[in-house]
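Visitor: Structure for the following, please:
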Amino acid sequence: MSRQYSKILEDIQEPYKNSDKKLITEAFKFAQNAHKNQKRESGEKYIIHPLDTALTLSEMQVDAKTVAAGLLHDVLDDTPVTEKEISEKFGEEILFLVNGVSKLGKIKYRGVARHAENLRKMLLAIAQDFRVVLIKLADRYHNLETLESLPPSKQKRIALESLEIYAPLAFRFGVSELSKKIEDLAFKYCYPQEYNLILKNVQERYPKREKHLEIIKPYIKTQLAKENIRPLEIQTRAKHYWSLYKKLKKYDMNWERIYDLVAMRIIVKNIEDCYATLGVIHKLWKPLPGRIKDYIALPKPNGYQSLHTTVFSRGGQITEFQIRTKDMHEVAEYGIAAHLLYKGHQFDWIKQLQQWQKEMKESTDFVENLKIDIFSDRIFVFTPAGDVIDLPEGSTPVDFAYMIHSSLGNTCSQAKVNSEIVSLDKELKNGDMVEIIKDAKKHPSRDWLMFVKTNTAKSRIRAYLKQIRKEEKMQEGEALLNKELDKLNQKPWRIIGQKQKNKAFQNLPYENEQLLLAAVGEGDISPYRVIKYVVNEKQIIAQRAVPLLNTDSKRDKEYSGVNIADIQGITTRISLCCSPIPPEKISGYITKNAYAAIHKSRCPNLARLSTKYPDRAISASWKNQEGKHFVKIKITAFDRLGLLQEVSSVISNMGINIISVLAGGENGTDSAKFQVMLEVFDMDQLHMIMKALEKIKGVREVKRV
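Guide: Numbers count the residues shown, from 1 in each chain. Predicted coordinates:
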């Protein structure tokens, strides 16, 4: 073993007992042998990468098996080693961890839709075992350190993925320091111009700020000693570049508003000393209003605890202080995931995430909501009873209401924030006390979706609106069925017996009455197609098959569908040039063959003939709206295999007779055109079939000729 490897291995093993050191050594030797002939893009031996990954894990204070898995994390993907070999040598638990990292390694951030399913798998891995992601975070950190050896396009993709997915995830795990390092490394490749600008300004401003802190450091130590407070350590902390850039964007890139370019961190023995130290600092210097933050009483969701204050220190220099205990500091540096893992604890946001998995069907929705709820800054607000509610920054009273309970959100009428009535879209702030005023008559509005932030609120509002829409469509569907039944002199749908309705359920793809009525209301199925199963089809034909016969017989007069003004005993025919349908306005024209051709009143052919022979034009009207009528429609679509068959199937499934079809297209294009002659009962049925045809894939236009 080379001296270089020995030193890194010693650093990795330092926190562990002898039995754990033995496991780590065996894992190293196994990985070294597996990767012996491999090199990274940078030219260095491959084993350096697993070693650095394991070192980062060791610094996080994870268990020895996680460190061993870190050493082995690439052997399944990059070497001939099999799962069986790992299982036999190190056991099922380490194999599980290595397999988990291998699966996460297949994630490639190439756009939201493509990334969504892999991201879902990644989050499921979190819910199963935190350690899988801790290893992946350590792996990603070292990959970013050697990113310069990759092609620019690959650098950008990996950096963007790190910035948008892995850094926020590290933060939520409480591994704040690693999160910041990942952000800074990725920042350089994602936004190089902005990075260089920040770097240049920091290099100019940092020495002056640091010098100021070094001057006041002994003075603070002396003042604390007077109060019997002996800090374990006083550090100066430079703000990370990406955090600095985000803050500058908030302040329109005004550097004068950045007070924590370099901050002073004071680490003390216990919580009592934390608050006592805060008191000493405020006794020495005046604090800036609104800049005192107590993350000890109200920890961040990732477990971070500390006191923050910003004061006008010596010479009027604005300075930020962070005060915490040693335990708090370790949690901030290394995260609480590893500490909680073996105590049976689980973060609330992980539990919430698992619940979303059950609710979310669209992968893109899942990612978008994840970005808002899990990866954003948080605020803490209070209920009237004093309970603390954790919400994403920018949340509103509606988000608050749904976080308490769905019923409270669904009946949310007004909100009080700090005892004052506010609008429901008001953004809440840290420390607000929120009270929701309920009204059973009030219900969610679609407009709420424009301002709510949390996935919980969005999913509950959508569920409610979907239910309301379903009920409305059921009512519309029943009305359409009743209209058709009335034309056939049948009793309304609700009075029809269950036995007759069951025939429809058996022959149509709808399991119950609610689904069937909603489908009719949506236009997915025609009323006629339902009715033919609950009413004898012979009755339908007998009622609707009303021919336009010669009106000089009693039978013709009784069944003629058209009234001709002041003329008796004349044959009427529907003109095929415009094919009028009730209730369209109609007029007649006496042809040379002595029958009345019935046109639409606005038909161009009628206008031309009436101008030429005005004495032949006659007025006409529909006597009743029953009977069958011919109509032509034109369908324009992208040509594809099976298109005509699908058009024919949609028409016949709605119980409509096709008289003729004329198919054509344009040479050299992918366009197909059909002219279809149909036999319909009325305008309602025509509109329904046109709507159904428009839904066919590739159809661009359906219009009446």
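
Visitor: Find the residue ranges of the chain scoring beneath the pLDDT cut-off.
Guide: Scanning the chain for pLDDT under 70 picks out the ranges 1-2, 103-128, 259-260, 302, 334-378, 386-388, 536-560, 566-569, 624-628, 665-668.

Visitor: Count the neighbours of residue 455 for me.
Guide: By the measure other C-beta atoms under 10 Å, the count of residues near residue 455 is 25. No exception for glycine: its C-beta is placed from N, CA and C like everyone else's.

Visitor: what number of residues lie near residue 659?
Guide: 11.

Visitor: What lies in contact with the helix or strand where residue 501 lies?
Guide: Element membership for residue 501, per DSSP states H and E: helix 498-507. For helix 498-507, contacts defined as C-beta atoms under 8 Å, 6 or more residues apart in numbering pick out 510, 511, 512, 513, 516, 530, 533, 534.

Visitor: Tell me what angle the helix or strand following it forms with helix 498-507.
Guide: Downstream of helix 498-507, the first helix or strand assigned by DSSP H and E is helix 513-522. Angle, helix 513-522 to helix 498-507, by axes from the mean of the first three to the mean of the last three C-alpha atoms, to 10 degrees: 70 degrees.

Visitor: picking that back up, grab the two from the contacts of helix 498-507 that are most spread out in space.
Guide: Pairwise distances across those (C-beta to C-beta) peak at 16.7 Å, for the pair 511 and 534.

Visitor: Who has more neighbours out of those two?
Guide: Set residue 511 next to residue 534 and count neighbours by other C-beta under 10 Å: residue 534 wins out with 18 against 9.

Visitor: Touching, residue 251 and residue 257? I think so.
Guide: Yes: Residue 251 is within contact range of residue 257, at 4.3 Å (criterion: C-beta atoms under 8 Å).

Visitor: what residues are up against residue 497?
Guide: By C-beta under 8 Å, 6+ apart, no residues touch residue 497.

Visitor: Distance of it relative to residue 504?
Guide: Using C-beta to C-beta, to the nearest Å, residue 497 is found at 12 Å from residue 504.

Visitor: Which stretches in the stretch 551-700 of the chain count as helices?
Guide: For the stretch 551-700 of the chain, applying DSSP state H, counting those that start in this stretch gives helices covering 554-559, 604-612, 643-653, 683-694.

Visitor: and the third one, which residues are buried?
Guide: Yep, that's helix 643-653 we're talking about. Within helix 643-653, the residues that count as buried by 16 or more other C-beta atoms under 10 Å are 643, 644, 646, 647, 650, 651.

Visitor: Can I get those in a markdown table including distance to residue 327?
Guide: Shown next, in a markdown table, are the buried residues of helix 643-653 (distance: C-beta to C-beta, whole Å):
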| residue | distance to residue 327 |
| --- | --- |
| 643 | 69 |
| 644 | 74 |
| 646 | 68 |
| 647 | 72 |
| 650 | 69 |
| 651 | 74 |
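
Visitor: Between which two of these is the distance greatest?
Guide: Greatest spatial distance among the buried residues of helix 643-653 (C-beta to C-beta): 643 and 651, at 13.0 Å.

Visitor: So residue 452 belongs to a helix, correct?
Guide: No: Residue 452 is assigned coil when assessed by DSSP: H, G, I helix; E, B strand; the rest coil, not a helix.

Visitor: As a check, name the ranges of all strands in the stretch 351-500 of the chain.
Guide: Ranges of strands in the stretch 351-500 of the chain, per DSSP state E, counting those that start in this stretch, are 378-382, 388-392, 412-417, 420-422, 434-438.

Visitor: do you know which of those lies nearest residue 55?
Guide: strand 378-382 (30.9 Å).

Visitor: the inter-axis angle of the closest one versus strand 412-417?
Guide: Here strand 378-382 runs at 90 degrees with respect to strand 412-417, directions being taken by the same axes, to 10 degrees.

Visitor: which helices and strands sit right next to strand 378-382?
Guide: Strand 378-382 is packed against strand 388-392, with contacts defined by 3 or more C-beta pairs under 8 Å, 6 or more residues apart in numbering; DSSP states H and E.
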